[in-house]
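> Below: sequence and its predicted model.
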Amino acid sequence: MIDKQSPIPIYHQLEEYIKQLIENGKLKPDEAIPSEREYSEQYQISRMTVRQALNNLVNDGYLYRQKGRGTFVNKQKVEQKLQGLTSFTEDMKERGMVPSSRLISFEIIPAEPQLARKLDIKENTPVYEIKRVRMADSLPMALETTYLPANLVKGLTEEIINKSLYQHIEEKLSLTIREATQQIEASIAKETEVNHLQVESGSPVLLIVRTSFLEDGTPFELVKSAYRADRYKFVHTMQRAAKKEKAPWGFLLFSFYHVLLEGLSILYI
């Protein structure tokens, strides 16, 4: 609630209060929140203060505005930690969401030179190309194109890729997935991404390129994805490297004295 005696700015108190209601589920996605006037009258604060709090929440993705209608609760972003290698299906299930995919195309193509280098195969080697929209709770999250060597990841069907590709690779093909390298950069949605992700032209997206490897170091997958920046965020925990312990002064003086004595002994001999 609002404490006017607190040193914390009132707009920040209101902002945190609304944010807490959203995160606790008391304010639901697409639910309208009170107007600036209503907040102003309820807490006896200026509309300018209320506006600043709401603007911050809009900028942070908690709220969105519709002209002539009001301000509404936004759908919260899916948070993915950058530790560990998991599939989209595994990520969504872990968060209690229902994963699904809308298949755009599924075919075998010859590997062009750049793709062949990425997958460490010869040019024109047959490769599965899978294009699909990845969804969570029926909402589009990412436009994804996956490439897999057909001679390595065998027997793929539409039914398999509509479930869990990693589960098929590990359980049916008995291959062990070890690690992946991943690149992330910000971009603006292209026309194809605008259409499939249901975003406005010029919307921000997160471009991700991931190469995944088996236990023996063989690359088995190249994935190029465009994630909706308004529904997805990545979190990485970093640790500061431990500083090397400095040798105590006593030890240094003892070492210097020992070397000096050895030097004098050699000169004496």
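Structure's in. What do you need?

> The most centrally placed residue in the chain: helix or strand, and which one exactly?
With distances taken as Cα atoms, centre = their mean, Phe234 lies nearest the centre of the chain, 2.9 Å away. Following DSSP states H and E, one finds Phe234 within strand 232-235.

> can you check Phe220 too?
Assigned by DSSP H and E, Phe220 falls in strand 219-228.

> buried residues in that strand?
Pro219, Phe220, Glu221, Leu222, Val223, Ser225, Ala226, Tyr227, Arg228 (16 or more other Cβ atoms under 10 Å). Yep, even glycine has a C-beta here, placed from its N, CA and C like the rest.

> Which residue is the nearest non-sequential neighbour of the last one?
Distances taken as Cβ to Cβ, 6 or more residues apart in numbering place Leu197 nearest to Arg228, at 5.4 Å, with adjacent residues excluded.

> Over to the third one?
Counting by Cβ to Cβ, 6+ apart, Ser212 is the residue found nearest to Glu221 once chain neighbours are left out, at 4.1 Å.

> Show me the shaky parts of the protein.
Along the chain, segments meeting pLDDT under 70 span 1, 76-86, 236, 238, 242-269.

> re the thing from before, so which other helices or strands are in contact with the strand holding Phe234?
strand 78-81 (3 or more Cβ pairs under 8 Å, 6 or more residues apart in numbering; DSSP states H and E).

> After the strand it packs on, which helix or strand is next?
For strand 78-81, the following helix or strand on the C-terminal side (DSSP H and E) is helix 88-94.

> other SSEs contacting that following helix?
Helix 88-94 sits against strand 78-81, strand 99-110, strand 139-149, helix 165-167, with contacts defined as 3+ Cβ pairs under 8 Å, 6+ apart.

> Mind doing that once more with 7 Å?
Packing partners of helix 88-94 (3 or more Cβ pairs under 7 Å, 6 or more residues apart in numbering; DSSP states H and E): strand 99-110.

> Run through who's touching whichever helix or strand comes after the strand it packs on.
Per DSSP H and E, the first helix or strand lying C-terminal to strand 99-110 is helix 113-119. Applying Cβ atoms under 7 Å, 6 or more residues apart in numbering, the contact partners of helix 113-119 are Ala111, Lys122, Glu123, Thr125, Val127, Tyr147, Pro149, Thr211, Pro219, Leu222.

> Check the offset of helix 113-119 from the chain's centre.
Here helix 113-119 shows a centroid-to-chain-centroid distance of 25 Å under the convention Cα atoms, centre = their mean, to the nearest Å.

> Buried residues in it, which are they?
Using 16+ other Cβ under 10 Å as the test for burial, helix 113-119 gives Leu115, Ala116, Leu119.

> buried sites along whichever helix or strand comes after that helix?
Once helix 113-119 ends, the next helix or strand along the chain (criterion: DSSP H and E) is strand 126-136. Going by neighbour count (16+ other Cβ under 10 Å), the buried part of strand 126-136 is Val127, Tyr128, Glu129, Ile130, Lys131, Arg132, Val133, Arg134, Met135, Ala136.

> List the contacts of Thr49.
Neighbouring residues of Thr49 by Cβ under 7 Å, 6+ apart: Ile10, Tyr11.

> What are the contacting residues of stretch 191-200?
Val133, Pro140, Leu143, Ala189, Ser201, Val205, Ala226, Arg228.

> and of those residues, the nearest to Tyr43?
Arg228 (33.9 Å; Cβ to Cβ).

> what sits opposite Ala136 in the beta ladder?
For Ala136, the beta-bridge assignment (DSSP bridges) gives partners Pro99, Leu139.

> Give me the distance between it and Val98.
Computed as Cβ to Cβ, to the nearest Å, the Ala136 to Val98 distance reads 7 Å.

> ok so, going back, roughly how far out does the strand holding Phe234 sit from the chain middle?
Relative to its parent chain, strand 232-235 has a centroid offset of 3 Å by Cα atoms, centre = their mean.
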